[in-house]
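>>> what follows is a protein structure lacking sequence information:
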(Lines give C-alpha, C1' and ligand atoms only; values in the text may rest on other atoms or scores of the structure.)
Protein backbone atom coordinates (compact mmCIF):
# COMPACT_ATOMS: atom_id res chain seq x y z
CA UNK A 1 0.00 0.00 0.00
CA UNK A 2 1.36 3.39 -0.98
CA UNK A 3 0.95 5.96 1.76
CA UNK A 4 0.12 9.34 0.34
CA UNK A 5 -1.28 11.03 3.43
CA UNK A 6 -1.58 10.87 7.19
CA UNK A 7 -4.84 8.91 6.99
CA UNK A 8 -3.11 6.17 4.98
CA UNK A 9 -0.38 6.02 7.63
CA UNK A 10 -2.92 5.82 10.43
CA UNK A 11 -4.81 3.05 8.62
CA UNK A 12 -1.60 1.10 8.08
CA UNK A 13 -0.66 1.41 11.74
CA UNK A 14 -4.06 0.03 12.73
CA UNK A 15 -3.45 -2.93 10.41
CA UNK A 16 -0.06 -3.46 12.06
CA UNK A 17 -1.72 -3.39 15.48
CA UNK A 18 -4.23 -6.03 14.39
CA UNK A 19 -1.46 -8.19 12.93
CA UNK A 20 0.45 -7.90 16.19
CA UNK A 21 -2.62 -8.88 18.21
CA UNK A 22 -3.17 -11.87 15.93
CA UNK A 23 0.52 -12.82 16.19
CA UNK A 24 0.95 -12.42 12.42
CA UNK A 25 4.01 -10.21 12.99
CA UNK A 26 6.57 -10.02 15.76
CA UNK A 27 6.95 -7.24 18.30
CA UNK A 28 10.23 -6.37 16.59
CA UNK A 29 8.44 -5.88 13.27
CA UNK A 30 5.75 -3.76 14.92
CA UNK A 31 8.41 -1.61 16.58
CA UNK A 32 10.10 -1.12 13.20
CA UNK A 33 6.80 0.06 11.68
CA UNK A 34 6.34 2.44 14.60
CA UNK A 35 9.85 3.81 14.26
CA UNK A 36 9.49 4.52 10.56
CA UNK A 37 6.06 6.06 11.14
CA UNK A 38 7.51 8.37 13.79
CA UNK A 39 10.14 9.57 11.35
CA UNK A 40 7.52 10.29 8.68
CA UNK A 41 5.42 12.24 11.19
CA UNK A 42 8.50 14.10 12.46
CA UNK A 43 9.31 15.09 8.89
CA UNK A 44 5.82 16.59 8.45
CA UNK A 45 6.21 18.37 11.79
CA UNK A 46 9.47 19.93 10.59
CA UNK A 47 7.66 21.20 7.47
CA UNK A 48 4.94 22.73 9.64
CA UNK A 49 7.50 24.41 11.89
CA UNK A 50 9.40 25.73 8.89
CA UNK A 51 6.18 27.26 7.55
CA UNK A 52 5.58 28.93 10.91
CA UNK A 53 9.09 30.34 11.24
CA UNK A 54 9.11 31.68 7.70
CA UNK A 55 5.54 32.99 7.87
CA UNK A 56 4.53 30.80 4.96
CA UNK A 57 1.33 28.91 4.50
CA UNK A 58 2.54 26.21 2.15
CA UNK A 59 0.30 23.19 1.80
CA UNK A 60 1.79 19.97 3.14
CA UNK A 61 0.28 17.32 0.91
CA UNK A 62 0.96 14.48 3.34
CA UNK A 63 -1.24 16.12 5.97
CA UNK A 64 -4.15 16.60 3.56
CA UNK A 65 -6.79 13.90 3.61
CA UNK A 66 -9.27 13.09 0.90
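Arrived safely, thanks for sending. Since we're looking at a predicted model, the values are computed, not measured.
>>> which one is residue 3 nearest to, not counting chain neighbours?
Among residues not flanking residue 3 along the chain, residue 9 sits closest, at 5.2 Å (Cβ to Cβ, 6 or more residues apart in numbering). Just so you know, the C-beta spots here come from the backbone N, C-alpha and C atoms, and that holds for glycine as well.
>>> can you list phi and psi of the one you found for me?
phi -60, psi -50 (degrees, to the nearest 10).
>>> count the neighbours of it for me.
18 (other Cβ atoms under 10 Å).
>>> now the farthest one out in the protein, which residue is it?
residue 55 (24.8 Å; Cα atoms, centre = their mean).
>>> check which helix or strand covers it.
According to DSSP states H and E, residue 55 maps onto no helix or strand at all.
>>> my guess is the residue nearest to residue 3 contacts residue 39. True?
No: the criterion here is Cβ atoms under 8 Å, and residue 9 misses it with residue 39 at 11.1 Å.
>>> ok, back up a step: contacts only, for the residue nearest to residue 3.
3, 37, 40, 41 (Cβ atoms under 8 Å, 6 or more residues apart in numbering).
>>> how near is residue 38 to residue 4?
18 Å (Cβ to Cβ, to the nearest Å).
>>> now swap in residue 19 and tell me
21 Å.
>>> also residue 64?
9 Å.
>>> cool, residue 20 as well?
Taking Cβ to Cβ, one finds residue 20 at 24 Å from residue 4.
>>> do residue 21 as well
Following Cβ to Cβ, the distance that separates residue 21 from residue 4 is 26 Å.
>>> out of those two, which sits in the more crowded spot?
Shown here are residue 21 and residue 4; by other Cβ under 10 Å, residue 4 has more neighbours (13 against 10).
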